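> got a predicted structure plus its sequence, pasted below:
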Amino acid sequence: MPKKTDFRDIDADMIRYVENNLNNRPRKALDFLTPAEDMFNYVSFGVLHLK
């Protein structure tokens, strides 16, 4: 989304779409796990990637 976007003009479906894309994008800092996978590992097994 462009800077200075007024989020009051964005519908909930678009916000969920962007949120889903960000949470399911692999991250080098997480050893190429997605944030969602890393959170699942933390909640399930107490393993959290910190760098």
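Happy to help now that I have it.

> show me where pLDDT drops low in the chain?
Scanning the chain for pLDDT under 70 picks out 48-51.

> what sits against the most centrally placed residue in it?
Centroid-nearest residue in the chain: Asn23, 2.2 Å away (criterion: C-alpha atoms, centre = their mean). Contacts for Asn23 (C-beta atoms under 8 Å, 6 or more residues apart in numbering) come out as 34-36. For the C-beta atoms, the positions are set from N, CA and C on the backbone; glycine is no exception.

> tabulate the residues you listed (CSV), appending distance to Lys3.
Converted to CSV, those look like this (distance: C-beta to C-beta, whole Å):
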residue, distance to Lys3
Thr34, 25
Pro35, 23
Ala36, 26
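
> quick one: the strands in this structure?
Using DSSP state E, no strands are found in the chain.

> what residue in it is the furthest from its centre?
Quick read of the chain (C-alpha atoms, centre = their mean): farthest out is Asp9, 21.7 Å.

> buried subset of the contacts of Asn23?
Pro35 (16 or more other C-beta atoms under 10 Å).

> give me the subset of the contacts of Asn23 lying in helices.
35-36 (DSSP state H).
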